[in-house]
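Undergrad: Give me a 3D structure for the following:
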Amino acid sequence: MQSSLLMVPQQHAPETAAPMPAYAPVAAPATVELGDLGRILLRRRFLILATAVLLTLVTLVYAMLTPALYSSTAQILVDPEDLQVVTNDVNPSRISPDGGITQVESQVSVAQSNGVLLRAMKATNLTDDPDFNGQGVLGRWMAAIFGSSDGDRTATTLDSLRRRLAVKRDDKVLVLNIIVTAKSAQKASDLANAIANAYLADQADARKEKAAKASEAITARLDEQRKRVEQAENAVEAYRSQHNMVMAQGSLVSDQDLTGLNAELTAAQARTQQLKAQVDQLRRQGGTPDATSEATRSATISSLRAQEASLVDQIAQLGTGLGPRHPSMIAAQQQLRDLRVLIQRELARIVAAAETDYQRALANQQALEAKVAALKAKSLDTDQASVRLRELQRDLDAVRTVYANYLQRAQETREQTNVDSTNARIISDAMPALKKSWPPKGLLLFGALFGGLALGIGLALIAEYLSPTVLSSNQMQSAIDAPVLGVLPGKSARRRWLFPRANAPTQKTDAVAGLALQRIAATTRRPPDWPLVPSILVTSPPEDKAQRSRVAWQLANAAAARGRRVLYIDINAGKGKSDPQPGVLDVMRGDYPLDAVSRYAPGSAVALVGRGRQTAVFQEAQALYFAHRMLAEANHSFELVVVDGGALVDDLNVSPLVAMADEILLVARLNTTPMRDVATTSQAVAVMGRLPTGAMLVDEAA
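TA: Numbering: from 1, shown residues only. Predicted coordinates for the structure are as follows:
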């Protein structure tokens with residue numbers, strides 16, 4: 001709290017008055033306490049309520065005038081794993097690590113793409129619908145002003161459909177919700193189903209187009225691969241013709257001949273060895289070649305041996321009955337000898353035949369060996385040419401393999417254009433909505449009411465920020481750097497109407513005023529021989545005139561009620577009258593003594609002094625002298641002087657009293673008095689050479 005100017009002894013001459021100190025502008029504190037918010041909202045409750053009511057009324061009018069809208073939903077199940085129709089599919093099915101959620105999420109944008117929407121517009125003739133093509137009343141006016149075309153109509157319809165379309169994917173599922181809003185429930189359902197079908201058709205066409213492009217690309221490469229095969233084949237044939245390398249059944253004829261001769265030579269060698277073994281056996285038998293296997297296998301020898309055996313048996317029988325000289329005996333013996341000669345001749349012939357076969361086989365073997373030797377010599381000449389031929393053949397085989405793969409892939413992709421492998425289907429067709437989706441009147445009104453309250457609170461806080469008011473004692477104390485001595489309850493017009501005797505001090509106001517006086521007495525330090533009476537000057541902004549007068553009067557009455565003699569100087573009493581009574585201005589000019597202008601109010605122990613006559617402007621030094629003398633004279637008759645100093649910003653005549661007063665109290669209304677007015681009043685006090693020593697607040701809501 002700032003100390004009073006008169007807390008130290010002064011001389012009685014006006015020349016010794018203290019100079020006016022310099023002052024700094026007083027600013028309102030930048031922060032607001034949490035408890036002050038309630039006071040702000042209470043003070044500006046009409047703005048808050050008006051904002052809420054206005055926004056609610058506007059919302060109600062909007063809800064009543066806005067055409068009803070209906071929403072319908074079609075659901076599509078999208079499986080990231082496509083149907084596996086063929087092994088080498090152009091559109092391979094691969095599921096992302098997140099289970100396909102990302103793939104399905106991308107389909108949300110696909111369902112809202114221009115291609116899908118234009119397909120749905122064409123299926124439903126939406127460009128002819130006035131609700132979407134901008135051909136309503138407003139749309140026709142705009143078309144007449146700015147012009148229009150079919151392209152503009154299509155673009156307008158597409159834009160309108162996109163604004164009324166919402167494609168969403170439910171959490172943790174692979175289902176797309178296609179939501180369309182329109183003025184007609186049936187139209188909304190038709191559009192939702194059309195978009196769902198258009199999405200499926202677009203996906204199928206996209207895959208067909210992809211397969212067709214792949215087939216065209218592969219087919220275009222087929223001609224090149226075919227030419228490469230022909231070039232490789234021509235190179236092989238030209239090389240064979242150049243080196244006389246005739247092919248048969250996939251290999252060279254010379255190689256086939258060599259292989260065949262080798263086989264024949266092997267067989268001939270085996271035959272020769274076999275015949276040579278027979279000849280050697282026959283040669284070893286010497287005179288008994290009939291023991292050989294060839295003799296035993298000969299049918300002629302067998303027949304002759306049978307006849308020989310028969311003749312031997314016949315001779316034995318004849319020898320028993322006839323003598324050796326019997327003609328029959330002789331004839332039989334001659335036949336036996338002739339037969340054995342035949343057998344020897346046949347055996348000789350067999351030996352000669354074996355010799356002949358052996359010589360023939362040996363000659364054949366030698367001939368084959370000569371041919372094989374000749375072919376081997378020729379084969380050695382073609383080995384180097386065969387290396388290059390095999391290289392050309394490998395190139396030809398590789399080119400043929402690539403060409404065959406291209407040809408097979410082209411046929412597969414060509415067939416895939418006729419197969420839809422998309423694994424998506426409509427699981428729920430859109431149905432006409434039974435209830436409108438917009439505007440939801442209840443929700444809108446509820447939101448408008450609370451939104452209006454929130455907006456009103458925001459406007460109230462903004463208004464308070466732009467024009468802050470006194471919100472609390474702490475704020476006031478920070479603003480003037482002086483303590484708040486008390487908060488008096490206010491008296492509204494309604495309270496005065498309900499309580500006609502409200503002008504009399506109530507028990508509460510008297511207690512607050514008395515407590516303020518005690519605080520003033522506790523903080524004031526006056527020398528024992530101080531010649532001036534204790535004084536309190538009460539001031540306020542001009543708008544708080546009634547509260548200032550009431551506070552000053554309450555302080556005077558509270559002091560009088562406690563047995564003190566009180567002088568009440570009302571600087572505003574008689575102001576503006578044509579013939580006012582002498583008052584304090586006359587005393588400060590030296591025209592009247594204090595006793596001549598003071599009087600007691602009827603039924604009151606408080607002496608009153610009015611403003612007085614303002615006939616001439618007095619000198620400030622002279623006014624200070626007479627104000628000092630007035631307070632010194634009052635010290636003999638009174639114990640306290642309370643001055644209602646009015647609004648100091650409008651009346652500089654009070655400056656002598658400001659300089660002489662012990663305490664200067666600033667009065668303001670809670671939640672009403674602007675802080676800028678408090679700052680202006682504090683600056684006016686500083687201009688007059690003092691600073692406020694305290695404040696009294698009036699709470700009109702109490």
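
Undergrad: all strands of the stretch 451-600 of the chain, in order?
TA: Secondary structure of the stretch 451-600 of the chain (DSSP state E, counting those that start in this stretch): strands at 484-489, 535-539, 566-570, 599-600.

Undergrad: Could you give me the buried positions within the second one?
TA: Within strand 535-539, the residues that qualify as buried are 535-539, counting by 16 or more other Cβ atoms under 10 Å. To be clear about C-beta, it is placed using only N, CA and C from the backbone, and glycine gets the same treatment.

Undergrad: likewise stretch 680-699?
TA: Neighbour-count burial for stretch 680-699, counted by 16+ other Cβ under 10 Å, picks out 680-698.

Undergrad: Tell me the secondary structure of H636, please.
TA: Three-state assignment for H636 (DSSP: H, G, I helix; E, B strand; the rest coil): helix.

Undergrad: My error: substitute A668 in the last question.
TA: Counting by three-state DSSP, the backbone at A668 sits in strand.

Undergrad: show me what contacts L697?
TA: By Cβ atoms under 8 Å, 6 or more residues apart in numbering, the residues touching L697 are 470, 473, 476, 484, 486-488, 667-670.

Undergrad: go with 6 Å
TA: By Cβ atoms under 6 Å, 6 or more residues apart in numbering, the residues touching L697 are 484, 487, 668, 670.

Undergrad: Sort those residues by pLDDT and name the bottom one.
TA: Lowest in pLDDT among the contacts of L697 is L670, which has 88.

Undergrad: how deep is that residue tucked in, by neighbour count?
TA: Residues lying near L670 (other Cβ atoms under 10 Å) number 24.

Undergrad: Nearest spatial neighbour of it, chain-adjacent residues omitted?
TA: Leaving aside its sequence neighbours, L670 sits nearest to D699 (Cβ to Cβ, 6 or more residues apart in numbering; 4.6 Å).

Undergrad: pLDDT of the helix or strand harbouring E216, averaged?
TA: Assessed by DSSP states H and E, E216 sits inside helix 185-242. In this model, helix 185-242 carries a mean pLDDT of 86.

Undergrad: shaky segments in the stretch 351-500 of the chain?
TA: Along the stretch 351-500 of the chain, the model assigns pLDDT under 70 to residues 378-384, 416-421, 491-500.

Undergrad: re earlier: from the buried residues of stretch 680-699, which ones fall inside helices?
TA: Those of the buried residues of stretch 680-699 mapping onto helices are 680-687, per DSSP state H.

Undergrad: Include pLDDT and distance to E633 when you put those residues into a markdown table, please.
TA: Putting those into a markdown table (pLDDT from 0 to 100; distance: Cβ to Cβ, whole Å) gives the following:
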| residue | pLDDT | distance to E633 |
| --- | --- | --- |
| T680 | 93 | 33 |
| T681 | 93 | 29 |
| S682 | 93 | 31 |
| Q683 | 92 | 32 |
| A684 | 91 | 28 |
| V685 | 92 | 25 |
| A686 | 91 | 29 |
| V687 | 90 | 28 |
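
Undergrad: what's the distance between the helix holding E216 and the middle of its chain?
TA: Mean-position distance between helix 185-242 and its chain equals 37 Å (Cα atoms, centre = their mean, to the nearest Å).

Undergrad: can you check stretch 603-615 too?
TA: Taking mean C-alpha positions (Cα atoms, centre = their mean), stretch 603-615 and its chain are 78 Å apart.

Undergrad: Contacts for it, please.
TA: So stretch 603-615 is contacted by 556, 560, 566-571, 573-575, 580-586, 597-601 (Cβ under 6 Å, 6+ apart).

Undergrad: Which PyMOL command selects the buried ones in these?
TA: Burial among the contacts of stretch 603-615 is assessed by 16+ other Cβ under 10 Å; the matching PyMOL selection reads:
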select buried, resi 556+560+566+567+568+569+570+571+573+574+575+580+582+583+584+585+586+597+598
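
Undergrad: Any chance of JSON lines for the strands of the stretch 451-600 of the chain, columns distance to Q307?
TA: Formatted as JSON lines, those follow (distance: least, Cβ to Cβ, whole Å):
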{"stretch": "strand 484-489", "distance to Q307": "172"}
{"stretch": "strand 535-539", "distance to Q307": "182"}
{"stretch": "strand 566-570", "distance to Q307": "192"}
{"stretch": "strand 599-600", "distance to Q307": "201"}
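
Undergrad: So which of these is nearest M675?
TA: strand 484-489 (14.2 Å; Cβ to Cβ).

Undergrad: which parts of stretch 601-610 are buried?
TA: By neighbour count on 16+ other Cβ under 10 Å, the buried set for stretch 601-610 is 606-610.

Undergrad: Now it: average pLDDT?
TA: On average, stretch 601-610 scores 82.

Undergrad: ditto for stretch 72-90
TA: The predicted model assigns stretch 72-90 a mean pLDDT of 71.

Undergrad: Compute the distance between Q411 and S215, please.
TA: Going from Q411 to S215 by Cβ to Cβ, to the nearest Å gives 9 Å.

Undergrad: Name the residue in those two with the higher neighbour count.
TA: More crowded of Q411 and S215, by other Cβ under 10 Å: S215, with 20 against 13.

Undergrad: Tally up the residues packed near the closest residue to the more buried one other than its chain neighbours, please.
TA: Once flanking residues are discounted, S215 sits nearest to T413: 3.9 Å by Cβ to Cβ, 6+ apart. A count of nearby residues for T413, using other Cβ under 10 Å, gives 23.

Undergrad: Show the backbone phi and psi for T413.
TA: Here is the backbone geometry of T413 (degrees, to the nearest 10): phi -70, psi -30.

Undergrad: Any idea how far apart the tips of stretch 530-541 sit?
TA: Counting by Cα to Cα, to the nearest Å, you get 32 Å between the two ends of stretch 530-541.

Undergrad: What average pLDDT does that stretch get?
TA: Across stretch 530-541, the average pLDDT comes to 92.
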